[in-house]
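Colleague: A predicted structure for the sequence below; I have some questions about it.
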Amino acid sequence: MMLYHFDSPAIFTIPHWTEIYVIITVSSMACEDVRKLCHEYETRMIEQWGSTGSAILTVLTFIFYVTPYLLFYLGLGFRIIWAFDLELWYIGSLKFVTAIKSVGPKLFMLKNMLRDLTGFVYMIFIAIAAYGVVSRALIFYKQIPFNITNIVKEIFYAPYWFIYGEVSDKDLLDRNICFHFFF
C-alpha cells in the first residue's frame, strides 16, 4: 500500500493495479468481518465478542484504512496514517497464521512473552526515571531548564548509561562541586 505512485487528486488517471488489488483485498476482508460479526451475533453470546482482542484491531484497521483515502482525495497529508494502517494490517494478518497447527501455538507464546517483556521494560523505565529525577535533583539543583530536550537528556539519557557503569555519579558530583567552588 505504501508503494503506490500517488498522483494529484486534480489529475484523474486510472489507478495502478496494486492499488486496485489492495482495495479489493481489504474490501473482501471487511465483508468477511461483517459477515462473521453477524454470524456470531446470531449463534454466540455477545460476551464472547472481542475475547481475543481482535475486535479493537479490526475496527482500528478499517478506520485507518478509510481515513487516508479521504485525506488523499481532499488533498491533505495521508502518508503517516497510511503507514500506521499498514502496520495494523500486518498485525491483523497474523490471525490467519494462528490456524496453522505448527505456527499458531508459537504465536500465542510470543504474545505472552511480549506481555512479560512490556512489564519488564516498564519496570526498567520506572527505575531509570526514579534514579534520574532524584539524582539530578540532588546534583543539579535548579540548573536543568524545564523543557523536553533537557528532561530527556539529563533525566533519562544519562541515568540509562549508569546502568552499564559508563559514568560515575561521584565524578559528576566532584566536577559539580569544583565548578561551584571556583565560581
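Modeller: Sure, I can see it. Residues are numbered from 1 along each chain as shown.
Colleague: pull the longest helix from this structure.
Modeller: helix 104-139 (DSSP state H).
Colleague: Output the contacting helices and strands for that one.
Modeller: helix 79-97, helix 158-162, helix 169-182 (3 or more C-beta pairs under 8 Å, 6 or more residues apart in numbering; DSSP states H and E). Just so you know, the C-beta spots here come from the backbone N, C-alpha and C atoms, and that holds for glycine as well.
Colleague: element containing the residue nearest to Asp85 when sequence neighbours are not counted?
Modeller: In this structure, Asp85 finds its nearest non-sequential neighbour in Phe64, 3.7 Å apart by C-beta to C-beta, 6 or more residues apart in numbering. Assigned by DSSP states H and E, Phe64 belongs to helix 54-74.
Colleague: coming back round to it: mind listing what's buried along the longest helix of the chain?
Modeller: Ile128, Tyr131, Gly132, Ser135, Arg136, Ile139 (16 or more other C-beta atoms under 10 Å).
Colleague: OK, contacts around the third one?
Modeller: So that's Gly132. Gly132 sits next to Glu154, Ile155, Phe156, Ala158, Pro159 when contact means C-beta atoms under 8 Å, 6 or more residues apart in numbering.
Colleague: The first one touches Ala137, doesn't it?
Modeller: Going back to what we said before, that points to Glu154. No. Glu154 is beyond contact range of Ala137, at 10.4 Å (criterion: C-beta atoms under 8 Å).
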